[in-house]
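Chemist: take this sequence and fold it.
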Amino acid sequence: GIQGKDHGGLLVLPESPVRTAADLEGRTVAVNTLLGLHEVTTRTAVEKTGG
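Modeler: Purely as a prediction, here's the structure:
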């Protein structure tokens, strides 16, 4: 990301096998609002990367 330009982020533990949005395929991601900005952007990122 770019400091001051990003609206949020997705965090995983350092030992997590998740390295790209495609790695989220079939996994559960917690968000603060259903159908909110973070859910929609995460779904879009997964879809765009082949997940």
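Chemist: okay, buried residues for stretch 37-44 please.
Modeler: 38, 42-43 (16 or more other CB atoms under 10 Å). Every residue, glycine included, has its C-beta placed from N, CA and C.
Chemist: contacts for that stretch, please.
Modeler: With contact meaning CB atoms under 8 Å, 6 or more residues apart in numbering, stretch 37-44 is reached by 7-8, 10, 21, 24, 29, 31-33.
Chemist: recalculate using a threshold of 10 Å.
Modeler: 7-10, 21, 24, 29-33, 35, 51 (CB atoms under 10 Å, 6 or more residues apart in numbering).
Chemist: from T42, how far out is D6?
Modeler: 13 Å (CB to CB, to the nearest Å).
Chemist: ugh, wrong one, P14
Modeler: For P14 relative to T42 (CB to CB), the value is 20 Å.
Chemist: if I look at the residue most central in space within the chain, how far off is L34?
Modeler: Among the residues of the chain, the one closest to the centroid is T42, at 4.0 Å (CA atoms, centre = their mean). Note on T42: its distance to L34, by CB to CB, is 12 Å.
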